[in-house]
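Novice: Build me a model from this:
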Amino acid sequence: MHRSNSKPWQAILTPHRSLSRQGFLAVMAVIVAVNLAVGALFMSIGAWPVAGFAGLDVLLIWWAFRANFADARRMERISITDHELVFDRMRGDDPPEQQRFVRRWVKVELEEDIERELIGRLSLVSGQVRLTVGDFLAPDERKTLAAALRSALAIPRI
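Specialist: Numbers count the residues shown, from 1 in each chain. As a prediction, the model looks like this:
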């Protein structure tokens with residue numbers, strides 16, 4: 001009789017963002033206040049076009065933060081069961097992507113330059129398919145994830 005645990009090994013990866021929504025509002029409030037003060041100062045001395053550029057600064061900074069928050073909605077999930085590895089990638093409003101691999105054929109590759117202490121791309125490789133994982137993670141996090149994936153794949157039954 002084949003017994004297996006119904007609960008797979010799983011890792012959920014998300015990008016780290018240190019600025020909360022409240023922090024964003026506080027930063028934007030400071031930027032708006034500074035730009036209003038600068039714009040008012042230049043308008044009072046007759047250099048009114050500078051006020052428009054100060055407003056453009058606020059708009060560009062808001063757009064950059066908006067792109068940053070959209071990127072923060074990314075998520076990758078790796079599930080390893082007795083027979084397969086399932087990789088799910090979610091990017092904001094895009095439809096989710098899913099890749100399935102036969103577990104015994106999956107190899108974990110981490111690009112590493114030991115002499116220069118550099119850690120590169122982490123990939124799952126199965127046959128001709130190479131899938132980059134956790135490109136938003138810090139190098140040490142990719143190294144830790146690679147070790148955890150290798151360990152999970154080495155366990156005969158999850």
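Novice: Confirm that residue 70 sits in a strand.
Specialist: No: assessed by DSSP: H, G, I helix; E, B strand; the rest coil, residue 70 does not belong to a strand; its assignment is helix.
Novice: Quick check: closest non-adjacent residue to it.
Specialist: In this structure, residue 70 finds its nearest non-sequential neighbour in residue 92, 5.3 Å apart by CB to CB, 6 or more residues apart in numbering. Backbone N, C-alpha and C define where each C-beta goes, glycine included.
Novice: Identify the residues contacting the lowest-mean-pLDDT helix or strand in the chain?
Specialist: Within the chain, no helix or strand scores below helix 49-71, which has a mean of 87 by mean pLDDT, DSSP states H and E. Helix 49-71 is touched from outside by 15, 17, 19, 24, 27-28, 31-32, 35-36, 38-40, 42-43, 92, 136, with contacts defined as CB atoms under 8 Å, 6 or more residues apart in numbering.
Novice: which residues are contacting the longest strand seen in the chain?
Specialist: Determined from DSSP state E, the single longest strand within the chain is strand 118-126. For strand 118-126, contacts defined as CB under 8 Å, 6+ apart pick out 85, 87, 101-102, 105-113, 130-135, 137, 139-140, 142-143, 145-146, 149.
Novice: ok, now which ones touch residue 131?
Specialist: Contact analysis of residue 131 by CB under 8 Å, 6+ apart lists 87, 99, 123-125.
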